[in-house]
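Peer 1: Whatever this is, show me its structure:
(chains A and B)
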Amino acid sequence: MDIRDKIITTASTLENEYVKTFRSKGGKVFAGVCTFTPAEVIHAAGALPLRIRGTGSKATDKAEVYYSPTHCSFARHTLNQGLSGHFSFCDGIIFVSSCDHARRLYDNWGYTDSPPSVRYMMTVPHVGNEQAVIKYAEDLRRLAAFVGEQTGKTVTADSLHSSIKAYNEQRRLIGKLYEMRKRPHPAVKGTTMLYLWQTLTAIPVEEGNAILKELIETVDQNPDPMPEGAVRLFLASTHLEDPERMAAVESGRALIVNDTSCFGNGHFSAEVSEEGDPFLALAQRTLLRPSCPNIVDGFRKRLDNVEALAKEWNCDGIVFDHLQFCTIGDAEAYIYRQEFTKKNIPYISLQHELYGGGAGQVKTRMEAFTEQIANIKRNNA
Amino acid sequence: MIYLGCDVGSLTAKAALYDSEKNQLIDTMLIPVLATARASSDKVITALLEKNSLTASRITGTCSTGYGRFECSLPSSEKSEISCHGLGAFWSNPKVRTIIDIGGQDSKAMAVDEIGMVVNFVMNDKCAAGTGRVLEVLAAAIDCSLPEMANAALKGKGKVSISNRCSVFMEQDVLLLQRAGHSKKEISFAINEAVADRVKGLAKVVGIKREVAISGGVSKNPAIVRGLERKLGCSFVKLNHDPQLMGAIGAALFAARTAEGK
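Peer 2: From the prediction side, this is the model:
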């Protein structure tokens, strides 16, 4: 199977072939909500970390007994999948308090006693300072103890260091792929990257690194086809997991060449220090790098990061696409608009439901956005 | 040379014929949409060509726009309706720098430069609250036609208001006002104010640069127009052609620019 097809197939279902093989060998699978659940800790306990997403979800009717339609659709879709038993192949699930909607997933999952029965709630900080790092490192130790108890394999400093090394290799490999997107003809489109992110966060890291190496080799010689006169864009985003949505954003001449999506660069960027206390190193990496909007004192860092990356990847404009009813995303979108307008950087803000609808409107907006950028460039020439 | 523009929207399909040598519109046509964009474009283009005794071979270039732009039968190029409305309005009145377009399914505000090219725009999110469609739904809720509701709104004094965050909540508010015994003219006024407020929010994001024009089907609603002018603190300049046809006209102009390399 072609490497691109393999990635798409793997990303298209949560219980993919890698998960099945891992389980068939007696391995345990732990699902985790958002990037604040560190894969290294689960990996060091001998389990397979799997990022929770709503893949395959067609409705939110069951979840709406507990969530209103004006709650975040990520929370509604994933709870709906949980209530429908779609996570029953997992041996445990880790929830985090990265936002209130995500926090309520834990309550609702437990209240409805949806599988898996092993559930853990981890509190995460909302500021990125040294005090928060120390607190978060303590929480990671508790998480490691919990997962180790479930798998029967104690997480030690050595095993965690070894896991950190494996994930750092993945970060370096994906960084290489991002570098290849700086090219005049970028190696991969945003839509391909979305499938890749979903694959990498749902299979063993060692297999993921092998896939990455093969993909890098393939796209180096055979890059994704690009539209004629492509307009290079930076995607700043919160949670975006629907490939059809990404394809709609990339419709016409729009081409995403870099991002801070919390499934993409927002998850994979920045290595973890391989020296010293590994829990502290994980906490430092998560909280002190440009993070997601739930770190409330990190806006300036995020803004500077988006601007610097957009410049380095030669982007003509910035797209911010966030989930509807995501309050922190709304605030971010508003401030981005103010800041980028001041700097005359073309910017468009979009909102979406996790799955379904709105493709026509997004295509129109993106088409108009690329036309607007062409007009501005012509006027500036 | 003759160019054709076709704009297939959510409620109506429009077509325009443009003579580039005379820089004049030859003719336009508007029809309610049919079941598919393809059928709508077929019908409006065929009818317009027949009315002007033209065949497709006489058309030098074509461009389509609107939600059905990818399915149009004749057009060979396509452009977003945002760019088409911008250029169409600018061509119709070259003083225009800001255009507010309220269509059946969406509303948008655009800023154009001194040659009619869009340099900034904002469009409503996935929500009907600031569109022609919500006006239709709410007019039906108070048992009025759209012109009746607009006329009633012009007589309202603003004694009641409704939310504009969501069309579902708007309908609930309207039903509550009806049950409370408020008059049609007051409810109509509240509906139009709510929609105008919503669109004002978009216009403020783009920034109001004079002169300002309004286009799209809802531009024919005097209550919305008056409400928006009051809220934005400006008077809309007159477009010299039917404001509902700006998308089709803009598309015809883009067809000419593309073919003639302008």
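Peer 1: can you list the residues of chain A near chain B?
Peer 2: A:324, A:337, A:350-353, A:357-358, A:360-361, A:364-365, A:367-368, A:371-372, A:375-376, A:378-379 (CB under 8 Å from any CB of the partner chain). Where C-beta positions appear, they are placed from N, C-alpha and C, glycine not excepted.
Peer 1: try 10 Å
Peer 2: Within chain A, the residues that sit near chain B (CB under 10 Å from any CB of the partner chain) are A:69-70, A:252, A:324, A:334, A:337, A:341, A:346-353, A:357-358, A:360-376, A:378-379.
Peer 1: Just want the most central residue of the chain.
Peer 2: Using chain A here. residue A:263 (1.1 Å; CA atoms, centre = their mean).
Peer 1: look at chain B instead
Peer 2: So for chain B, CA atoms, centre = their mean, it's residue B:216, sitting 1.5 Å from the centre.
Peer 1: Now it. Its backbone dihedrals?
Peer 2: phi 90, psi 170 (degrees, to the nearest 10).
Peer 1: show me what contacts it?
Peer 2: B:9, B:81, B:85, B:99-104, B:106-108, B:131-132, B:243-247 (CB atoms under 10 Å, 6 or more residues apart in numbering or on different chains).
Peer 1: And it, how far from chain A?
Peer 2: 14 Å (CB to the nearest CB, to the nearest Å).
Peer 1: and if you look at residue B:217?
Peer 2: The gap separating residue B:217 from chain A is 17 Å, by CB to the nearest CB.
Peer 1: go on, residue B:258?
Peer 2: In terms of CB to the nearest CB, residue B:258 sits 13 Å off from chain A.
Peer 1: got a list of what that residue touches?
Peer 2: Here residue B:258 is in contact with B:3, B:61-63, B:76-77, B:79 (criterion: CB under 10 Å, 6+ apart).
Peer 1: Where does it fall, secondary structure wise?
Peer 2: Assigned by DSSP states H and E, residue B:258 falls within helix B:246-260.
Peer 1: repeat for residue A:300
Peer 2: helix A:299-312.
Peer 1: What's the mean pLDDT across that helix?
Peer 2: In this model, helix A:299-312 has an average pLDDT of 96.
Peer 1: which residues touch the closest residue to chain B within the stretch 51-200 of chain A?
Peer 2: Ranked by CB to the nearest CB, the top residue of the stretch 51-200 of chain A for proximity to chain B is residue A:70, at 8.7 Å. Listed by CB under 10 Å, 6+ apart, the contact partners of residue A:70 are A:76, A:324-325, B:165-166.
Peer 1: Which one (most neighbours) among those residues?
Peer 2: residue A:76 (29 neighbours; other CB atoms under 10 Å in any protein chain shown).
Peer 1: In three-state terms, label the residue nearest to that one when sequence neighbours are not counted for me.
Peer 2: For residue A:76, ignoring the flanking residues on the chain, the nearest one in space by CB to CB, 6 or more residues apart in numbering or on different chains is residue A:60 at 4.0 Å. Three-state call for residue A:60 (DSSP: H, G, I helix; E, B strand; the rest coil): coil.
Peer 1: Report the buried residues of the helix holding residue A:300.
Peer 2: Applying a neighbour-count criterion of 16 or more other CB atoms under 10 Å in any protein chain shown, the buried positions in helix A:299-312 are A:299, A:302-303, A:305-307, A:309-310.
Peer 1: same check, this time on stretch A:169-177
Peer 2: Buried, per 16+ other CB under 10 Å, within stretch A:169-177: A:169-171, A:173-174, A:177.
Peer 1: Which members of these are positioned in strands?
Peer 2: Residues of the buried residues of stretch A:169-177 located in strands (DSSP state E): none.
Peer 1: For these, which two are the farthest from each other?
Peer 2: Taking CB to CB as the measure, the buried residues of stretch A:169-177 span a maximum distance of 13.1 Å, between A:169 and A:177.
Peer 1: what do these two both touch?
Peer 2: By CB under 10 Å, 6+ apart, the residues touching both residue A:169 and residue A:177 are residue A:212.
Peer 1: and which of the contacts of residue A:70 is nearest residue A:121?
Peer 2: Using CB to CB, those come closest to residue A:121 at residue A:76, 19.0 Å.
Peer 1: My read is that that closest one contacts residue A:356, right?
Peer 2: No: counting by CB atoms under 10 Å, residue A:76 sits too far from residue A:356 to count as a contact (11.5 Å).
Peer 1: tell me, what's touching those two both at once?
Peer 2: Going by CB under 10 Å, 6+ apart, residues that sit against residue A:76 and also against residue A:356 are A:57, A:59-60.
Peer 1: Of those residues, just the buried ones, PyMOL syntax please.
Peer 2: Buried residues among the shared contacts of residue A:76 and residue A:356 (16+ other CB under 10 Å), as a PyMOL selection:
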select buried, chain A and resi 57+60
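Peer 1: Alright, I will stop here.
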